[in-house]
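Engineer: what's the 3D shape of this:
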Amino acid sequence: MPYRLHIPLIHDGDWSLVTRSFPGLSVVGASSYVVKPGESTVESIVVYGNDVGEVSEFARRFRGGGLGNVLKVLYIGQVSTRCYEVTYLANYDGVLKYVLIGSGAFAVKSMVRGGVKEFIAYFSDRPSAESACGRLKRLSNVDVLGCSVSRVRREPVTNAVALNMVLTPNEFKILKRAYEEGFFSDVKKVRISDLAREFNLSKSTVDHHIRSALRKIIRMYLNSQGDSSRFEDDLS
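Structural biologist: Presented below is the predicted three-dimensional model:
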């Protein structure tokens, strides 16, 4: 069974410190692509929060540049009013995830809130996990706030973003109910009118929520399948 390392830290000089000014904001690491080993990497993050103004202001700040080891902002897209996707070019040595990978981690998740960056990394053995913690502690620009290693018994190690981070509460609730009741079965077991009565909404409103939710999910999926070629012009 693998071992799980949980390590919250403060990364001095990193863009993550800007989130101190946005207390209701959460940032999740979504994907990455090493452009030149040891030199540069493309990082994608998902920014979300309940305060629409706070989310859009953070996206604006990120677009403005000059944040930590962000070399160039490549893409900022609005998934919903409270969720943005951000893709940027970063200095490889300034991305702490690669310290963990270099220590033997086979999967790494990251979350940023209030200026604190949290990593959850998975290792095949305890010594490798403990060694990774030690490497981070020795970095002069990193303040490790804690380090815990535990044996994993039942836990997914994928780095997926939960749907309720992207969908509005009504979209998530209605889509989940529609799926559970067989709306998407080959032979529909429930109709829009049935869902409308259950949620005390008009049929057009329920239909709008379902279509909007599916559009966001499809967009995220297609974006995740795109290759690095769309960044070639920006990286040249």
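Engineer: which residues are contacting stretch 115-128?
Structural biologist: Defining contact as C-beta atoms under 8 Å, 6 or more residues apart in numbering, one finds that stretch 115-128 is touched by 2-11, 14, 16-20, 96-97, 100, 103-112, 129, 132, 145, 149, 152, 157. Bear in mind the C-beta positions are built from the backbone N, C-alpha and C, glycine included.
Engineer: pull the longest helix from this protein.
Structural biologist: helix 203-225 (DSSP state H).
Engineer: Could I get the full set of strands for this protein?
Structural biologist: Listed in chain order, the strands of the chain (DSSP state E) span 3-11, 25-36, 40-49, 70-80, 83-91, 107-113, 116-123, 142-144, 148-151.
Engineer: closest to Thr168 out of these?
Structural biologist: Between Thr168 and these, the shortest gap by C-beta to C-beta is with strand 70-80, which sits at 6.5 Å.
Engineer: out of everything not next to it in sequence, what's closest to Met177?
Structural biologist: To be clear, residue 177 is Arg; Met isn't right here. Taking C-beta to C-beta, 6 or more residues apart in numbering as the measure, Arg177 lies nearest to Leu195, with 6.5 Å between them; neighbours along the chain are not counted.
Engineer: how far away is the residue nearest the centre of the chain from Tyr48?
Structural biologist: The structure's the chain has its C-alpha centroid closest to Val28; by C-alpha atoms, centre = their mean the separation is 2.8 Å. According to C-beta to C-beta, to the nearest Å, Val28 and Tyr48 sit 8 Å apart.
Engineer: Check Tyr3 too.
Structural biologist: Tyr3 is 29 Å from Tyr48, where distance means C-beta to C-beta.
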